[in-house]
Structures are given as structure tokens and as C-alpha cells.
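> sharing a model that was predicted from the sequence below.
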Amino acid sequence: MKPIPSPPELSPLKPATQPLWLRFSHWVNALAALVMMFSGWRIYDASPIFNGIAIPRALTLGGWLGGALQWHFATMWLLVGNGVFYIALNLGSGRGVKKLFPIRATDVALDLIATLRGKLSHVDLQQYNSVQKLAYVVVIADIMVLVLSGFAIWKSVQFPLLREALVGYDNARIVHFCAMTVMAAFVVIHTAMVVVVPRSLLMMLRGR
């Protein structure tokens, strides 16, 4: 009588490339950033900083100044809380340093040239290229500038040192607007890269 063959061993499920906490904070941050940006543009239109620069009403949120301010202030706390959560877990797990550093100018230049020529490899999405590393570090720093300059505008009297560090209230508004422009540029480029490499969207949805 032939021995009954043992059942094949099941291969263990591979751990998620993007952990759940990262995916959660990514989508919360995406939602908060968009709401802040669109409502911020409505607030800007109510009191423009630069003559001749106005945001089309279709790209704004809130309908009127009071509504835009309500959206902006409510979402601000979501952005700040999620940002603290994201940075704390990245630093605590060591993932942030491992994934985003080092950043070398030579590598950034080579990867940028390869990107512009359409020859940058996207085979291994677990590894960020140098352009991605720089972009993510810049946008993290940019959001910090947005939050700090926003507080300097919102609570100018309560935070005099912050206001003076930004060279006054009016300059804080300029810094805030410029930081918002950087974030808008990141959103556009980031979305374009997702279109080019749709697997990156699936990874951020299911983790692998």
C-alpha cells in the first residue's frame, strides 16, 4: 500500500510592503491636504496677496469666506494630528530613515535625467529612487512650514516669536501661499507618477 503523500506546505503570506498605519496616514493626509488647499484658495481670493493672481472659483471649497474658514480650521487639526502620528511611527519604527535617506545630489541628478528620458526603472516599488526620496522629504518639510505659517497668521498675537521668525504677519501670508504652491505642485506630480505607474496605487491600497 502506497503511503499517502503529505499535503504541500502553504507558503507564508508575504508581509505588506506598505504597512497599514502608513496607508491609513497617507490617505488621511491626502484628504486633509486637498481640503486645506481648496479652502485655502477660497480664503486667498477673499484677500489676495498678489495683484492679478486669483484662483478660479471652481477650484475652491467653502462657497464663501466663512464657509472656507470653517473647512480650513476643522481640517487643520486633522492634518496636524495625522502628521504627528505619521512622523512618530516613521521615526519610531526606523522606516523613515531607512526609506528616505541617504539623499545624494549625484543620484538625484541621474534619476531625474532618467525620469525625463522615460528610462527610470519601476520594477522594484519597495525601493524609492532618489527623486522620490527628495520629493517626500521636501513635502514633509513643506507641510511643517504650512502649519507653522498658518498658526502665525491665525494666532499672530498669541505667537509673536513665530510671527517675527517669519518676518511679520504679511510675510507669513506670503510664506504660507508659497508653501501651498509647493504642495499643489507635489500633488500634480505625484498624481502623474501614479498614472505612469498604476501598481503604486494598488500597493498603497492593499499594501503589496
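Nice, I can see it. None of these values were measured; they are calculated from a predicted model. Numbers count the residues shown, from 1 in each chain.

> from Phe151, how far off is Asn29?
Distance, Asn29 to Phe151, by CB to CB, to the nearest Å: 18 Å. (Each C-beta comes from the backbone N, C-alpha and C, glycine too.)

> again with Val35
Spatial separation of Val35 from Phe151 under the definition CB to CB is 18 Å.

> okay, now Ala109: neighbour count?
12 (other CB atoms under 10 Å).

> swap that for Arg163, sorry
Burial of Arg163, expressed as a neighbour count using other CB under 10 Å, amounts to 20.

> element containing it?
For Arg163, the enclosing helix or strand under DSSP states H and E is helix 160-165.

> any idea how far the very next helix or strand once past that helix is from the chain center?
Scanning the chain past helix 160-165 towards its C-terminal end, the next helix or strand to appear is helix 169-196 (assignment: DSSP H and E). Between the mean C-alpha point of helix 169-196 and the mean C-alpha point of its chain there is a distance of 10 Å (CA atoms, centre = their mean, to the nearest Å).

> what is the mean pLDDT for helix 169-196?
Per-region confidence: helix 169-196 scores 94 on mean pLDDT.

> and that helix, what does it pack onto?
Helices and strands in packing contact with helix 169-196 are listed as helix 20-46, helix 130-154, helix 199-206; criterion 3 or more CB pairs under 8 Å, 6 or more residues apart in numbering; DSSP states H and E.

> ok, 7 Å please
Helices and strands in packing contact with helix 169-196 are listed as helix 20-46, helix 130-154; criterion 3 or more CB pairs under 7 Å, 6 or more residues apart in numbering; DSSP states H and E.

> how close does the residue lying closest to Leu20 once chain neighbours are set aside sit to Gly94?
For Leu20, the nearest residue in space outside its immediate sequence neighbours is Gly207; the separation is 6.8 Å by CB to CB, 6 or more residues apart in numbering. Between Gly207 and Gly94 the computed distance is 19 Å (CB to CB).

> since that was my last question, I'll sign off now.
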